[in-house]
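[1] build me a model:
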Amino acid sequence: MSGDLAFYGFAALTVLSAFYVVFSRNIVHAGFSLLFTLFGVAGLYAMLAADFLAATQVIVYIGGVLVLILFTVMMTRIPRRGAGGRGLDRFVPAGVFALLLFALLYKVITGTPWAEKAPVSADPTTARLGASFLTDFVFPFEFVSLILLAAMIGAAILIRDRRPAADDGAGGAAAPTGEEERS
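    Modelled structure (predicted):
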C-alpha cells in the first residue's frame with residue numbers, strides 16, 4: 001500500500017510540474033518547475049529498481065543540465081514582446097503536432113501487451129552497466145564524450161566576448177590607467 005502511495009506521489013509530482021513547465025509564461029519559473037519534473041522521474045526510476053538511472057537522473061540532469069539551462073535562461077536577455085504575434089495562428093501547428101503525438105502514444109500504449117506484474121530484481125544494476133560501457137559499448141561511450149567536448153567548445157566560442165580592438169594610435173584617446181588617475 002505504501003508503495004502505491006509513493007508511486008502516485010511521484011507520478012503526480014512529475015505530471016503536475018510538467019504541466020507547469022509547458023503552460024508557464026515565466027521561463028525562469030518553468031525552469032525551476034522542470035527541477036521537480038526531473039526529480040519525480042528519478043523517484044519513479046528508483047521505484048522500478050533502476051538505481052543507475054535514478055542516480056544518473058539526479059546527477060546528470062538535475063545537477064548538470066538543469067543548472068546549465070537555468071544559468072543560460074537567467075543570463076539571456078529576452079526581448080519584450082509587442083502587441084503583435086499573440087494570435088491563435090502560432091498555436092495551431094503546435095496543437096496539431098501535440099494531437100498527432102498523443103494519438104501515436106495512445107496507439108502504442110493500448111497496443112502493447114503489458115505484463116500483470118513484472119518481477120523486480122533488487123540486485124544493483126551499476127556493475128553490469130559499467131562493465132558493458134567499458135567492454136561492449138566502449139566506442140559509442142567514447143564517441144559521445146567527443147560530441148560533448150565539441151559542444152562545450154562550441155558553447156565557449158559562442159559566449160566569448162567580441163569587443164572591438166582598442167584604438168591605441170592616430171587620434172584615439174587611450175583609456176587612463178590606474179597610475180594616471182592617481183596623479
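[2] so Ala151 is in which element?
    Using DSSP states H and E, Ala151 falls within helix 138-159.
[3] likewise Arg25?
    Residue-wise, Arg25 maps onto no helix or strand under DSSP H and E.
[4] what about it, how many neighbours?
    Counted by other CB atoms under 10 Å, the residues lying close to Arg25 total 6. Every residue, glycine included, has its C-beta placed from N, CA and C.
[5] can you check the one 3 residues further on too?
    Other residues near Val28 number 12, with proximity taken as other CB under 10 Å.
[6] what does the helix holding Ala151 contact?
    133-134 (CB atoms under 8 Å, 6 or more residues apart in numbering).
[7] same question for it, mean pLDDT?
    Here helix 138-159 scores 85 as its mean pLDDT.
[8] try stretch 96-111
    92.
[9] mind saving the C-alpha coords of it as CSV?
    What follows is stretch 96-111, C-alpha atoms only, in CSV (Å, rounded to 0.1, in the frame of the first residue of the first chain):
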residue,chain,number,x,y,z
VAL,A,96,-1.8,19.6,-34.4
PHE,A,97,1.6,18.2,-33.6
ALA,A,98,0.5,17.5,-30.0
LEU,A,99,-2.6,15.8,-31.1
LEU,A,100,-0.7,13.6,-33.5
LEU,A,101,1.8,12.7,-30.9
PHE,A,102,-0.9,11.9,-28.4
ALA,A,103,-2.6,9.7,-31.0
LEU,A,104,0.7,7.8,-31.6
LEU,A,105,1.3,7.4,-27.9
TYR,A,106,-2.3,6.2,-27.3
LYS,A,107,-1.8,3.6,-30.1
VAL,A,108,1.4,2.3,-28.7
ILE,A,109,0.1,2.2,-25.1
THR,A,110,-3.1,0.4,-26.0
GLY,A,111,-1.4,-1.9,-28.5
